[in-house]
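Visitor: please work out how this folds:
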Amino acid sequence: CREVAVQARALRGLLETVRPLGQLWQMRTVPCLEHLGELHALVWESPEKGKVSLLNGIAARLEKVLSCLGSLDFYFGARAMGEEILALFAGQLGACTDFVGRNKGEKTVGPDVLQRMDRMFGVLILRLRSAKGLAC
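Guide: Numbers count the residues shown, from 1 in each chain. As a prediction, the model looks like this:
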């Protein structure tokens, strides 16, 4: 019994060490990869005439998107945000990804996608800033 208890404690410790990696994977890595995949398909399927402009617009907005997702220390350690907040950001990225996926076959969707990328986190950031310092 003592040996089982020691192994159980070791497994709990390992789980606590690995949990932030799981959150990073689930809340940032996978949503980003899915988003990049849909954007790639959008550019691939877009008319040749507007591809360069669309690609430049996407590249300019991706920097902002990645910045809004926060640095890696938002997922680990003392500065880590709660899982609920990380899920909100992942959800907003997922909603934009779904929009791109549903509309990528349209010939004139490029400007709509760029506009959606510009506004992706605006309401969420306003909501978080407004709630900062409130007691629950």
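
Visitor: for the one helix or strand Ser67 maps to, buried residues please.
Guide: Element membership for Ser67 (DSSP states H and E) is helix 51-68. When neighbours are counted by 16 or more other Cβ atoms under 10 Å, the buried residues of helix 51-68 are found to be 54-55, 57-58, 61, 65. Yep, even glycine has a C-beta here, placed from its N, CA and C like the rest.

Visitor: run the chain-centre distance for it.
Guide: Taking the mean of its C-alpha atoms, helix 51-68 sits 14 Å from the chain's own mean (Cα atoms, centre = their mean, to the nearest Å).

Visitor: was I right to think Lys109 contacts Leu42?
Guide: For residue 109 the amino acid is Val, not Lys. Yes. Val109 sits in contact with Leu42 when judged by Cβ atoms under 8 Å, with a separation of 7.2 Å.

Visitor: the more surrounded of the two?
Guide: Taking neighbours as other Cβ atoms under 10 Å, Val109 and Leu42 compare with Leu42 leading, 22 against 19.

Visitor: quick one: mean pLDDT for the longest helix belonging to the chain?
Guide: Under DSSP state H, the helix in the chain containing the largest number of residues is helix 2-24. Taken as a whole, helix 2-24 has an average pLDDT of 85.

Visitor: can you pull the buried residues of it?
Guide: By neighbour count, with 16+ other Cβ under 10 Å as the criterion, the buried positions of helix 2-24 are 23-24.

Visitor: elements contacting it?
Guide: Using 3 or more Cβ pairs under 8 Å, 6 or more residues apart in numbering; DSSP states H and E as the contact definition, helix 2-24 packs against no other helix or strand.

Visitor: point out where this structure drops to low pLDDT.
Guide: 123-136 (pLDDT under 70).

Visitor: could I get the contacting residues of the residue nearest to Leu86 when sequence neighbours are not counted?
Guide: Distances taken as Cβ to Cβ, 6 or more residues apart in numbering place Met27 nearest to Leu86, at 4.1 Å, with adjacent residues excluded. By Cβ atoms under 8 Å, 6 or more residues apart in numbering, the contact list for Met27 reads 75, 83, 86-87, 89-90.
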